[in-house]
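Novice: sequence and predicted structure below; questions after.
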Amino acid sequence: MRKRGESRITHKLLFGMGILYVIVAPALSFMIDNPKEPAVFFLISGVLLTVLSRFDDVSELGLFGLKAKIEHALRDAYATLEQVKEFAKISAMSSLSNTARSSWWSGIPDQQTREMLKSTQEVLRKLGCSEQEIVEISKDFHDCQLLDYRQVLIAGGESKIPNSKDQACQKEWLELRDRPESPAVHPDELKHFLEKHNFMTEENKKRLEGYAYYYKYNEFQDFEDFKNRRKWPRLRA
């Protein structure tokens, strides 16, 4: 009886350790330099510990009882993985959104911001998230990047009003500049504004094409130019 009681305590301890490993894995993925392999190792270790903790003394089980125990343990493991997946999705969305919104003001390097996006998406794939889920989780990040792109394109790196005395132009410019990040402004709307008020220089045309490329593919056409956006000039007719 004593051995049996000690065995159950050991199993509960293993189960607790397993749950802790599984929950901690996603957090570790954001805390270490190369999150991919260590995070997956901890996740798998946690699941295995959780499953192992569900077995009683095998010598006391018949074949049918062992099968039932295994099925029950696997159901618990899958349920735990689904919980981890949902937790990771919420954490990833929040983390990416905060990074995209604060990168300009806090001085986070653009390359580091992009690497965080890619690493987060890769961890979500390893947790079993579909590509559609990853698109939805990443949407706010990309909308914020497009907001940054749009505002610097029409206001320059120092956020200055256009060099124009046309009151209608100023009004349209303010409306475009102050538009929220979602839904993202369509490239055709920016093109119409630039052409209408004679701001469509070759340089602005190229950057508008870059904005349109990001709008369509969620990728930069000329990342090096975007990284130097603080030096972009104000609009001049």
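Specialist: Cool, got the structure.

Novice: show me where this protein has helices.
Specialist: Taking DSSP state H, the helices of the chain run over residues 2-29, 36-52, 63-106, 110-126, 131-155, 167-177, 187-196, 202-217, 223-227.

Novice: neighbours of the residue nearest to E181 when sequence neighbours are not counted, how many?
Specialist: Distance criterion CB to CB, 6 or more residues apart in numbering; nearest residue to E181, sequence neighbours excluded, is L147 at 4.0 Å. Bear in mind the C-beta positions are built from the backbone N, C-alpha and C, glycine included. Burial of L147 is recorded as 20 neighbouring residues (other CB atoms under 10 Å).

Novice: OK, contacts around G157?
Specialist: 229-233 (CB atoms under 8 Å, 6 or more residues apart in numbering).

Novice: which of these has the most neighbours?
Specialist: Neighbour-wise, these (other CB under 10 Å) top out at W232, 19 neighbours.

Novice: just checking, that residue touches L153?
Specialist: Yes - using CB atoms under 8 Å, W232 is in contact with L153, at 7.3 Å.

Novice: shared neighbours of those two, which are they?
Specialist: Common neighbours of W232 and L153 (CB under 8 Å, 6+ apart) are R207.

Novice: turn the contacts of G157 into JSON lines, including pLDDT and distance to Q132.
Specialist: Converted to JSON lines, the contacts of G157 look like this (pLDDT from 0 to 100; distance: CB to CB, whole Å):
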{"residue": "R229", "pLDDT": "90", "distance to Q132": "31"}
{"residue": "R230", "pLDDT": "86", "distance to Q132": "35"}
{"residue": "K231", "pLDDT": "89", "distance to Q132": "38"}
{"residue": "W232", "pLDDT": "91", "distance to Q132": "34"}
{"residue": "P233", "pLDDT": "90", "distance to Q132": "40"}
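
Novice: shaky segments in the protein?
Specialist: Along the chain, segments meeting pLDDT under 70 span 1-81, 103-107.

Novice: in stretch 172-192, which residues are buried?
Specialist: 172-173, 176, 181, 184-185, 187, 190-191 (16 or more other CB atoms under 10 Å).

Novice: what of stretch 193-212?
Specialist: 193-194, 197, 199, 204, 207-208, 210-212.

Novice: need the CA coordinates for that stretch. CSV is fine.
Specialist: Written as CSV, here are the backbone C-alpha positions of stretch 193-212 (Å, rounded to 0.1, in the frame of the first residue of the first chain):
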residue,chain,number,x,y,z
PHE,A,193,-3.3,62.1,-53.5
LEU,A,194,0.2,62.3,-54.8
GLU,A,195,-0.8,62.8,-58.4
LYS,A,196,-3.6,65.2,-57.6
HIS,A,197,-1.3,67.6,-55.8
ASN,A,198,1.8,67.2,-58.0
PHE,A,199,3.8,65.3,-55.4
MET,A,200,4.6,62.3,-57.7
THR,A,201,8.3,62.5,-58.1
GLU,A,202,10.4,59.6,-59.4
GLU,A,203,11.5,59.0,-55.8
ASN,A,204,8.0,59.0,-54.4
LYS,A,205,6.8,56.8,-57.3
LYS,A,206,9.4,54.2,-56.3
ARG,A,207,8.4,54.4,-52.7
LEU,A,208,4.7,54.1,-53.5
GLU,A,209,5.5,51.0,-55.4
GLY,A,210,7.3,49.7,-52.3
TYR,A,211,4.2,50.4,-50.2
ALA,A,212,2.0,48.6,-52.7
